[in-house]
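Q: quick one: sequence plus predicted model below, questions after.
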Amino acid sequence: MTKFMTLKDAVATYVKDGDTISLEGFTHLIPFAAGHEIIRQKRRNLSLIRMTPDLIYDQLVGAGCVRKLTFSWGGNPGVGSLHRVRDAIEHEYPCKLETVEHSHAAMANAYEAGAAGLPLAVFRGYVGSELPLVNKEIATITCPFSGEQLAAIPSIKPDVGIIHAQKADRAGNVLIEGIIGVQKEVVLSAKRSIVTVEEIVDDLDVTPNACVLPAWTVDAIAVAPEGAKPSYTLGYYDRDNNYYKQWDNISRDRDSFNQWLESHVFGQGDV
């Protein structure tokens, strides 16, 4: 049964030190509120997975929550580097950060395999790439039917999958509209799942091409209005482009980042 909880209680219940966690959302529906609550609760030694780690992962790394990052692209979209991630990799500040890099195709297949309950993902990829030289999780297998050489990587099965969505109904079904990345696969592959939503409604009023996660796939739903800001939620609010530009200066310096953390995360109280 899906549990309706506050975000504070959902994170306290389902996110533990040392967990492997995926916070996914592509372009919009990025679960910033959930990430900030993880920071507030001072979770440590987390292994984070995300196809496109951007500001929320920069913030989690800078806050000292993370020991490992698995990703396929990382940066401040349209602006530049993730300075807190870079500081952790280059100078082990605030702690050492292990990184595992994949291609987008590899991670998408790995999420799909995890959602299907499979131990590995098999696909055509990494031909001519140097990533297999530095990533021990990339292997080559031979198709037993055609003899073709294929790439294989472990499926992604996080301890906790966290996404943001527009709505949930009172039965616990979740509606995702607009651009959809791997949110469905994250929820289906994770041992435990948290979905933050803009609102709870009586009727989801599903439109064509929308995605509905049935209640049985979700462990906890937490109402978090504007829970994806500064990214956007289709139908609710736009992307805050200035925030992304300002983040470059905020995150570049350790002191300015720590000041931001105190005022904008710890200083905001519980959600």
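A: That came through fine.

Q: and the pLDDT at the closest residue to Gln268 other than its chain neighbours?
A: What sits nearest to Gln268 in space, not counting adjacent residues and going by CB to CB, 6 or more residues apart in numbering, is His36, at 7.4 Å. (C-beta placed from N, C-alpha, C; glycine too.) For His36, the pLDDT comes out at 98.

Q: show me the contacts for His36.
A: Residues in contact with His36 (CB atoms under 8 Å, 6 or more residues apart in numbering) are 56, 59, 265, 268, 271.

Q: who are the contact partners of Arg50?
A: Per CB under 8 Å, 6+ apart, neighbours of Arg50: 22-24, 57, 69-71.

Q: which of these fall in strands?
A: 22-23, 69-71 (DSSP state E).

Q: which parts of the helix or strand bottoming out on mean pLDDT in the chain are buried?
A: Lowest by mean pLDDT, DSSP states H and E among the helices and strands of the chain is helix 131-134, with a mean of 93. Under the neighbour-count criterion of 16 or more other CB atoms under 10 Å, helix 131-134 has Leu131 buried.

Q: kindly report the same for stretch 98-112.
A: Buried, per 16+ other CB under 10 Å, within stretch 98-112: 100-103, 106-112.

Q: and which of the contacts of Arg50 is nearest to Asn242?
A: Tyr57 (20.1 Å; CB to CB).

Q: can you confirm Ala121 is in a helix?
A: No - Ala121: not assigned to a helix; according to DSSP: H, G, I helix; E, B strand; the rest coil it is strand.

Q: which residues does it bridge with?
A: Assessed by DSSP bridges, Ala121 has beta-bridge partners Ile153.

Q: roughly how far does it sit from Tyr111?
A: From Ala121 across to Tyr111, the span is 8 Å (CB to CB, to the nearest Å).

Q: need the overlap of contacts for these two.
A: With contacts taken as CB under 8 Å, 6+ apart, the residues that reach both Ala121 and Tyr111 are Ser155.

Q: so Pro77 touches Asp58, yeah?
A: No - using CB atoms under 8 Å, Pro77 is not in contact with Asp58; the gap is 11.5 Å.

Q: which of these two has more neighbours?
A: Legend: neighbour count by other CB atoms under 10 Å for Pro77 and Asp58, higher for Asp58 (25 against 14).

Q: residue contacts, that one?
A: Asp58 neighbours (CB under 8 Å, 6+ apart): 76, 82-85, 247, 251.

Q: from what I see, Ala228 and His28 are in contact.
A: Yes - the pair Ala228 / His28 is scored as a contact, 6.4 Å apart, by CB under 8 Å.

Q: who has more neighbours out of these two?
A: Of the pair Ala228 and His28, Ala228 is the one with more neighbours under other CB under 10 Å, namely 27 against 22.

Q: could I get the phi/psi values of Ser103?
A: phi -90, psi 160 (degrees, to the nearest 10).

Q: tell me the pLDDT at it?
A: We have a pLDDT of 95 for Ser103.

Q: repeat for Val271
A: For Val271, pLDDT reads 44.

Q: quick one, phi/psi of His36?
A: phi -70, psi -30.

Q: quick revisit: can you name the next helix or strand after the least confident helix or strand of the chain?
A: strand 139-142 (DSSP states H and E).

Q: picking that back up, pick out the most distant pair among the contacts of Arg50.
A: Glu24 and Leu69 (13.8 Å).

Q: got the contact list for Ser189?
A: Ser189 neighbours (CB under 8 Å, 6+ apart): 22, 111, 114-115, 155-158, 161.

Q: columns secondary structure, distance to Pro94 and pLDDT on top of those residues, output as TSV?
A: As requested, the contacts of Ser189 are exported to TSV (DSSP: H, G, I helix; E, B strand; the rest coil; distance: CB to CB, whole Å; pLDDT from 0 to 100):
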residue	secondary structure	distance to Pro94	pLDDT
Ser22	strand	22	98
Tyr111	helix	29	98
Gly114	helix	30	98
Ala115	helix	33	98
Ser155	coil	31	98
Ile156	coil	26	98
Lys157	coil	28	98
Pro158	coil	23	98
Gly161	strand	26	98
